[in-house]
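[1] Take a look and give me a structure for this.
(2 chains)
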Amino acid sequence: MRTLYERLKALFPLGELTEQRPDMGFVTVPAEHLRPLLTQLRDREGYTHLVLLTAVDWIEEGQFQLTYLLCNRGAARDLGVRVMIPRPAVGLATMEGIHDLWPTAATYQRELREMFGIDFPGSPRVDEEFILEGWIDIPPYRRDFDTRKFSEENFNHRPGRETRDPAQYMKQQLYPDGK
Amino acid sequence: MSYTPDRSQYPAMRPDGTLDIDLTSGKYLKLWQGPQHPGITGNMSVELTVCGDEVVEGKTHVGYLHRGFEKLMERRTFIQVFPIVCRVCVPEPDFNEYCYAAAVEELAGLQVPEQARWIRTLILEMGRVNSYMMYLGGQAGAFGLGVIGQWTTYARDLMLDRFEELTGARIYHMFILPGGVRDGLPDGFAQRMEETLAEIERTMKDVYEVMFCNAVFKTRAVGLGYIDPALLDQYGVTGPNARAAGVAKDVRKDHPYLAYPELDFEPVTGTESDVYARADVRRRDVLVSVDLIRQILAKMPKEGPVMAKLPNVLHWKIPRGETYIRGECSRGEYGYYLVTDGSGYPRRINVRGPSYTHAMALLERMIVNVNISDVAALMVSLHTYPPEIER
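    Numbering: from 1, shown residues only, chains lettered A, B, ... in the order given. Presented below is the predicted three-dimensional model:
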């Protein structure tokens, strides 16, 4: 993993390598270098399998982390490429798509557009509803979306059910002596 | 179905790649297959545009079973996440438990006892047999062979009995939790499992003769739904769908985990990459799993702890980090991407289900030019479970 990192570091302005396991590492790259890096990994380094593309909302830092996880099956290695993009408090974040590199990425990008409010201009059907229908609230997988508040505002309370605080109940069951 | 070289009656393609379909022309018809339809795999639907009885465009629609699991997990402590992960995928829930538990163990630095490692492998193989049994019934049913589903449901039920005996539950087992498994094998389990395996082998022999040697099944399944091996990486195709195309993608071999390095098996592959080949790969994979279960029961340690000594589970705080854990489920690569931020809650959990790529981009590409009557069989042949698409 370190050898690959050194080769890539000579070509791209990469951040520090996080070696999570001997067969898996994570590295950060500026957004404008993402596509050349992914193309290099796919065409020259054997990382041909896009395992997943997802986002992490670091709301405190005002950033979204996009994670592109690639796999080199022959070498049994995984490299997670992280891209940090600005997270606007209102409106959409924007990132360049990779659906031309992996057609299946269009599905991931469509989901990220809906769930996190990250737009990928030009990605096929990116503006079509993916899972949610008629959604008008903020993108629900953002950290500032409050699921409890949403359900209290939109669904009727159903009386007659006994409810327990899960944390307290678990504490009583697992540690009855209070330790 | 024969291909017509004259495409003048079919819609032209716009520069952006979409089709120019004029529904008012009378040439085309919109058909919805699902969400309530015998020829659909679970809670999803396919919006078909047909010309005559040939599909010219298909769009997958999901969201009928969205429960927001990934969001729910962010609001629960690490141990509270454990009982809900299995619900992401109903027919084969154990991979969720394993992947989540292994991801937490890796980031928290927990060591799993040897006995638990083997029991986890056993459970995953038992779940694989169950999942294939559901698939075989569905695949045969899509061609009108109803009796196969009755046989495989019977065989699956026998395995559910073993699950109930081992875990106390038939569907959602909640058995593999961070640190190990909940219990060891009950007395006499190996003997009863052997009886179940023998009955499954007998059922599979019947299934082979009645389904795979059946003229109707062969006529309709051979040549249908071809996946070009060149598309596998482009569309994230894994598991039996890739293996039927001749590419031996199997996480158990490519990225060995649990006790698989100590087990003797070879990934089942095919060559024709059509519906028949995919069904045949899964049929033979059932027999591999049966053999693996026998190997596991023979090789696993007979005693020892099944759970690591854990600190108070209510006070877990895991340092900032991220990891990805994968396993080979019956549909392909199943994985959990876990991000932690040093608090008592996961920062982000992303579930990578193989159906996510198979039922969306791949299906939409494959469905074009297929006869309406073959859509259900094609879709089932990809072995998709919608809950893992929408989580």
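
[2] Make sure residue B:32 is indeed in a strand.
    Yes: Residue B:32 forms part of a strand when assessed by DSSP: H, G, I helix; E, B strand; the rest coil.

[3] Tell me the buried residues in the biggest helix by length in chain B?
    In chain B, assigned by DSSP state H, the helix with the most residues is helix B:114-142. With burial defined by 16 or more other C-beta atoms under 10 Å in any protein chain shown, the residues of helix B:114-142 counted as buried are B:115-142. C-beta here means a position set from N, CA and C on the backbone, and glycine is covered the same way.

[4] With just CA atoms, put whichever helix or strand comes after it into PDB.
    For helix B:114-142, the succeeding helix or strand toward the C-terminus, using DSSP states H and E, is helix B:146-167. Only the C-alpha atoms of helix B:146-167 are listed here, as PDB (Å, rounded to 0.1, in the frame of the first residue of the first chain):
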ATOM      1  CA  GLY B 146     -44.400 -23.500  -9.500                       C
ATOM      2  CA  VAL B 147     -43.500 -26.800  -7.800                       C
ATOM      3  CA  ILE B 148     -39.800 -25.900  -7.500                       C
ATOM      4  CA  GLY B 149     -40.600 -23.100  -5.100                       C
ATOM      5  CA  GLN B 150     -42.600 -25.500  -2.900                       C
ATOM      6  CA  TRP B 151     -39.600 -27.900  -2.700                       C
ATOM      7  CA  THR B 152     -37.100 -25.200  -2.000                       C
ATOM      8  CA  THR B 153     -39.300 -23.600   0.600                       C
ATOM      9  CA  TYR B 154     -39.500 -26.900   2.300                       C
ATOM     10  CA  ALA B 155     -35.700 -27.200   2.300                       C
ATOM     11  CA  ARG B 156     -35.300 -23.700   3.500                       C
ATOM     12  CA  ASP B 157     -37.700 -24.400   6.300                       C
ATOM     13  CA  LEU B 158     -35.500 -27.200   7.500                       C
ATOM     14  CA  MET B 159     -32.500 -24.900   7.700                       C
ATOM     15  CA  LEU B 160     -34.700 -22.300   9.500                       C
ATOM     16  CA  ASP B 161     -35.300 -25.000  12.100                       C
ATOM     17  CA  ARG B 162     -31.500 -25.300  12.600                       C
ATOM     18  CA  PHE B 163     -31.300 -21.500  12.900                       C
ATOM     19  CA  GLU B 164     -34.100 -21.500  15.500                       C
ATOM     20  CA  GLU B 165     -32.300 -24.100  17.400                       C
ATOM     21  CA  LEU B 166     -29.000 -22.300  17.300                       C
ATOM     22  CA  THR B 167     -30.100 -18.600  17.700                       C
END
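
[5] Just the residues contacting helix B:146-167, thanks.
    Among residues not part of helix B:146-167, those counted as contacts by C-beta atoms under 8 Å, 6 or more residues apart in numbering or on different chains are B:123, B:126, B:129-130, B:133-134, B:136-138, B:140-141, B:169-171, B:173-175, B:182-183, B:185-186, B:189, B:192-193, B:196, B:199-200, B:203-204, B:206-207, B:210-211.

[6] just stretch B:368-381 next, same as before
    Here stretch B:368-381 has contacts from B:1, B:3, B:31, B:33, B:38-41, B:46, B:48, B:50, B:53-58, B:135, B:138-139, B:142-143, B:220-221, B:224-225, B:275, B:278-279, B:359, B:363, B:366-367, using C-beta under 8 Å, 6+ apart.

[7] Please identify the buried residues of it?
    For stretch B:368-381, by 16+ other C-beta under 10 Å, it's B:370, B:371, B:372, B:374, B:375, B:376, B:377, B:378, B:379, B:380, B:381.

[8] Stretch B:11-20 too?
    Under 16+ other C-beta under 10 Å, the buried positions of stretch B:11-20 are residue B:11.

[9] anything in it near chain A?
    Yes: using C-beta under 8 Å from any C-beta of the partner chain, stretch B:11-20 comes into contact with chain A via B:16, B:17.

[10] Just the C-alphas of that stretch, formatted as PDB.
    Provided in PDB are the C-alpha atoms of stretch B:11-20 (Å, rounded to 0.1, in the frame of the first residue of the first chain):
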ATOM      1  CA  PRO B  11     -37.200   5.600 -30.700                       C
ATOM      2  CA  ALA B  12     -34.300   7.700 -31.700                       C
ATOM      3  CA  MET B  13     -31.600   8.600 -29.100                       C
ATOM      4  CA  ARG B  14     -31.200  12.200 -28.000                       C
ATOM      5  CA  PRO B  15     -27.600  13.600 -27.700                       C
ATOM      6  CA  ASP B  16     -27.800  13.200 -23.900                       C
ATOM      7  CA  GLY B  17     -28.400   9.500 -24.300                       C
ATOM      8  CA  THR B  18     -32.100   9.400 -23.400                       C
ATOM      9  CA  LEU B  19     -34.700   8.100 -25.800                       C
ATOM     10  CA  ASP B  20     -37.000  10.200 -27.700                       C
END
